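Peer 1: Need a 3D model of the following:
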Amino acid sequence: MSGLLLITLLAGSLLGGVDLPSQWTSPCPDNTTCRGRPIVEAANPAPSSVWKFSRTQGGKDGESFAAITKTADTTQSDPDFAGLIVRCAPKGKVDVLVALIRPFPPRSHPKVTIAASGGGTLTFDASMAAAGAAVLLPDEVSAFAAGKWQSTASLSVVVRESDSEIKGVVALNGLREAYHSLLANCSQ
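Peer 2: Alright, predicted model coming up:
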């Protein structure tokens, strides 16, 4: 159950105005066999397994970018961390970007530290894209998206700029298939 849905259900039940679907009703209807059990049992949210494909128009006439995006695991990420973007770039390149909710100044050069769940931590100097709402990682990071990350469960990302720090976690399940689909759509 998503955190937002759980909050809505809790608020509604506290205010007395929510009807729960039958699969969410109490497993202890007589309230005597449930003593000592929590009132609300929250399930651990499963990380989304869907990489979303999109195509956006570029700044030049006839230019477009195909991209795959994965949203952050909201239970382990700062509210200003949106997720990860892998996009086709001009001249056959692939860019990797970190998407943010709160932008940094467009001319910023934040430090980005990426830790793979299977081990290994790297720090990069990055630049800003999309009016400061996306952090463009250096070209060598695209090799990780094309290889090692496809067998990694998740990434922990920390973006630092001046005295500001934004942290997030992105599950990478499904990256292999999404990456190959992206490459097939890059030249279109």
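
Peer 1: Could you break the chain into its assigned domains?
Peer 2: 1-45, 52-186 (automatic domain parsing).

Peer 1: pLDDT score for residue 11?
Peer 2: We note a pLDDT of 31 for residue 11 in this prediction.

Peer 1: how about the helices in this structure?
Peer 2: 3-15, 141-146, 175-186 (DSSP state H).

Peer 1: rank these by pLDDT, which is bottom?
Peer 2: Confidence, taken as mean pLDDT, is least for helix 3-15 of those (a mean of 30).

Peer 1: Run through the strands of this structure in chain order.
Peer 2: With strands called from DSSP state E, the chain shows them at 52-57, 64-71, 81-88, 94-100, 111-116, 121-125, 127-129, 134-136, 154-161, 164-171.

Peer 1: so which of those strands comes closest to residue 142?
Peer 2: Closest to residue 142 of the strands of the chain is strand 94-100 (Cβ to Cβ; 4.3 Å). Every C-beta, even on glycine, is put in place using the N, C-alpha and C of the backbone.

Peer 1: any chance of the domains of the chain in JSON lines, with mean neighbour count too?
Peer 2: What follows is the domains of the chain, written out as JSON lines (neighbours: other Cβ atoms under 10 Å):
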{"stretch": "domain 1-45", "mean neighbour count": "10"}
{"stretch": "domain 52-186", "mean neighbour count": "16"}
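
Peer 1: rewinding a little: want to throw the strands of the chain into JSON lines with distance to residue 145 and mean pLDDT?
Peer 2: Compiled in JSON lines, the strands of the chain are given as follows (distance: least, Cβ to Cβ, whole Å; pLDDT from 0 to 100):
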{"stretch": "strand 52-57", "distance to residue 145": "15", "mean pLDDT": "89"}
{"stretch": "strand 64-71", "distance to residue 145": "9", "mean pLDDT": "91"}
{"stretch": "strand 81-88", "distance to residue 145": "5", "mean pLDDT": "96"}
{"stretch": "strand 94-100", "distance to residue 145": "5", "mean pLDDT": "96"}
{"stretch": "strand 111-116", "distance to residue 145": "11", "mean pLDDT": "97"}
{"stretch": "strand 121-125", "distance to residue 145": "13", "mean pLDDT": "96"}
{"stretch": "strand 127-129", "distance to residue 145": "16", "mean pLDDT": "94"}
{"stretch": "strand 134-136", "distance to residue 145": "13", "mean pLDDT": "96"}
{"stretch": "strand 154-161", "distance to residue 145": "10", "mean pLDDT": "97"}
{"stretch": "strand 164-171", "distance to residue 145": "11", "mean pLDDT": "97"}
